[in-house]
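1. Need the 3D shape of this:
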Amino acid sequence: MELQRSLCSLLVLVTVMTIGTPSTARAALQNCTIGTVIPVAFGTYNVFAATALTVNGSIAVSCGGSGSGSVTLDKGQNSSSFVSRAMKRTGGATLLTYNLYTDAATTIVWGDGTGGSTTQTLSGNNNLSVTLTVFGKMGAGQDVPAGSYTDTVVITVNF
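-> Here you go, the predicted model:
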């Protein structure tokens, strides 16, 4: 059995793709790839809004064979924990916090299985093709200056 890692950067506003290298094993899925990634794009944040801003993105994953695997998201470039991720203002140091979730209720943080986060499980027979929804939420009441805020979150498929 082999485990390969396919990496794809999910820029909160822009998508960039990177392919990783093979490693050792745990499942019978084969040749998993990340297809279309629809970024979590929060759009315009209103600092005066009384409610959180929620948006969705998605990750398409295809694998050959049968078995199970998982999809993980890292903490992003600007955070050291899964408690909240942060986007950084372009040309500045100001952070705007947000998080990514596996559920529409935005209660289960999507991460790597550490620090209170969970992963998304892949499972299937005779080739697998699935689109996973990424639920994004940015809390209300963050007093930040106007500007462009971005973060890069690495997607890893373990199979």
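2. Provide a list of residues in contact with Thr107.
-> With contact taken as C-beta atoms under 8 Å, 6 or more residues apart in numbering, Thr107 is in contact with Tyr101. Where C-beta positions appear, they are placed from N, C-alpha and C, glycine not excepted.
3. Show the pLDDT at it.
-> Residue-level confidence at Thr107 comes out at 98, pLDDT.
4. which residues touch stretch 113-129?
-> With C-beta under 8 Å, 6+ apart, stretch 113-129 has contacts from 29, 32, 60-72, 81-83, 102, 108-112, 130, 132, 157, 159.
5. Tell me the buried residues within those residues.
-> Buried members of these, scored by 16 or more other C-beta atoms under 10 Å, are 29, 32, 61-63, 65, 67-72, 82, 102, 109-112, 132, 157, 159.
6. what residue ranges in the protein score low on pLDDT?
-> Along the chain, the parts satisfying pLDDT under 70 run over 1-27.
7. how does it look with 90?
-> In the predicted model of the chain, residues 1-28, 125-127 satisfy pLDDT under 90.
8. Strands of that one, start to end?
-> 2-11, 15-17, 22-27, 29-38, 53-65, 67-73, 85-89, 95-101, 120-124, 128-138, 149-150, 152-158 (DSSP state E).
9. And the ones you listed: which comes nearest Thr44?
-> Among the strands of the chain, strand 53-65 comes nearest to Thr44, with 8.9 Å by C-beta to C-beta.
10. That closest one - which strands sit beside it in the sheet, and in what orientation?
-> strand 29-38 (antiparallel), strand 128-138 (antiparallel) (DSSP bridges).
11. From Gly147, how far off is the residue nearest to the spatial centre of the chain?
-> Geometric centre of the chain, nearest residue: Leu73, 4.5 Å, by C-alpha atoms, centre = their mean. Distance of Leu73 to Gly147, computed by C-beta to C-beta, to the nearest Å: 24 Å.
12. One more: Ala104?
-> In terms of C-beta to C-beta, Ala104 sits 29 Å off from Gly147.
13. repeat for Asn99
-> 20 Å.
14. same check, this time on Arg85
-> 18 Å.
15. who has more neighbours, those two?
-> Arg85 (26 against 12; other C-beta atoms under 10 Å).
16. what's across from the more buried one in the sheet?
-> Bridge pairing for Arg85 - DSSP bridges - gives Tyr98.
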